[in-house]
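Asks: Got a sequence here, can you build the structure:
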Amino acid sequence: MEAALDIFDAQWALNGAGVGASRTLWLTGIMTVAGIAIFALVMVFVALAWKARGEARTWWVVGGGIVFPAVVLFSLFVGSTLVLRAIAGGAEAAHVIEVTGKQFWWDVVYDPDGRAIRDANEIVLPVGETVEFRLKSADVIHSFWVPSISGKMDMIPGRVNRLTVTATEEGRFRGQCAEFCGLAHPLMAFEVVALPQDEFDAFLDGLEGEARDAVTPQERRGAEVFQTAGCIACHRVGGISDARIGPDLTRVGARASLGAGMWKMNTGNLAGWIADVRDMKPGADMPSYNHLSGPELRALVAWLESLE
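Replies: Below is the predicted model:
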């Protein structure tokens, strides 16, 4: 089976594709250069203090050991505070996206106070628009992190944390849960797709509708299997089921990955996931459907791949 990691831009904090990531990278560069310079100066102060005698030694100890560190720490405090304020921003968010971390996937709701459009394991952002994430957890502590776009924010049961994000470049980026949350923690990733505003609006309009109707006989058979085999009890598919125990599958065929960002979305991986999910993701709550016959499994896979 093929992992999905190579279809994304690297999960790389040095690839600044968002306001938060770019300004954090700038601050990191300044602090790195300053750290090297400070180390060199401290070594000079130590040498001078070592050679000095009497009151001169006291002056170097006080100046280099008290005054200099105080000035440095104050400067770092002011600089980091200004960067944090710039990241948070003062502009009102143009969009609100609610993300709930679960063991071990991501429930995504666009415009939770209005249209409440649901998706899973993939987040689409408009480039250049401020987005407020409302971050929740349904079970244990998770941590929401997209290194190329913004910093981390914990997702704590019983609380709603807010993170303001502005993507500055189009592309596909990888996010990751950054807090140990159980057996499949390292397999809990997600995709972030940054699109121009008009494409983002079209995406939301398409997401709000019902699932695509089955066209071929095999797809129609797959839709029947979905409803009779028990899948309908856990997964929402627009126009068919409104269950919310597992990820929303209304547009599962359009996603680039499977299993919360861990596997390429293709026929083999999807069939393997349905037949033996815990082999691909230990700790997943979904049961394996290895009791399905070969024709039933192929039909179900064909129907799910058609949901775009």
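Asks: now do the same end-to-end measure for stretch 220-235.
Replies: One end of stretch 220-235 to the other measures 18 Å (C-alpha to C-alpha, to the nearest Å).
Asks: who's in contact with that stretch?
Replies: For stretch 220-235, the external contacting residues (C-beta atoms under 8 Å, 6 or more residues apart in numbering) are 214, 237, 240-241, 243, 245-249, 286, 289, 292, 295-296, 299-304. For glycine as for every other residue, the C-beta is placed from the backbone atoms N, C-alpha and C.
Asks: how far does it sit from the chain's center?
Replies: The offset between the C-alpha centroid of stretch 220-235 and the centroid of the whole chain comes to 29 Å, using C-alpha atoms, centre = their mean, to the nearest Å.
Asks: Give the buried residues for that stretch.
Replies: Of the residues in stretch 220-235, those buried under the neighbour-count criterion (16 or more other C-beta atoms under 10 Å) are 221-223, 225-226, 229, 231-232, 234-235.
Asks: which two in these are spaced the farthest apart?
Replies: Arg221 and Cys234 (20.4 Å; C-beta to C-beta).
Asks: Okay, and which of the contacts of stretch 220-235 map to helices?
Replies: The subset of those located in helices under the criterion DSSP state H comprises 295-296, 299-304.
Asks: I'd like those residues laid out as a markdown table, including pLDDT and distance to Arg174.
Replies: Compiled in a markdown table, the ones in helices among the contacts of stretch 220-235 are given as follows (pLDDT from 0 to 100; distance: C-beta to C-beta, whole Å):
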| residue | pLDDT | distance to Arg174 |
| --- | --- | --- |
| Pro295 | 91 | 36 |
| Glu296 | 92 | 33 |
| Ala299 | 93 | 32 |
| Leu300 | 93 | 28 |
| Val301 | 93 | 25 |
| Ala302 | 93 | 28 |
| Trp303 | 91 | 28 |
| Leu304 | 92 | 23 |
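Asks: Filter these down to the buried ones, PyMOL style.
Replies: The PyMOL selection below is limited to those of the ones in helices among the contacts of stretch 220-235 classed as buried (16+ other C-beta under 10 Å):
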select buried, resi 296+299+300+301+302+303+304
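Asks: Of the ones in helices among the contacts of stretch 220-235, which is the nearest to Gly128?
Replies: Sorting the ones in helices among the contacts of stretch 220-235 by how near they are to Gly128, with C-beta to C-beta, puts Leu304 at the top with 33.7 Å.
Asks: Disregarding flanking residues, what is the spatial nearest neighbour of that closest one?
Replies: Nearest residue to Leu304, sequence neighbours excluded (C-beta to C-beta, 6 or more residues apart in numbering): Val252, at 5.5 Å.
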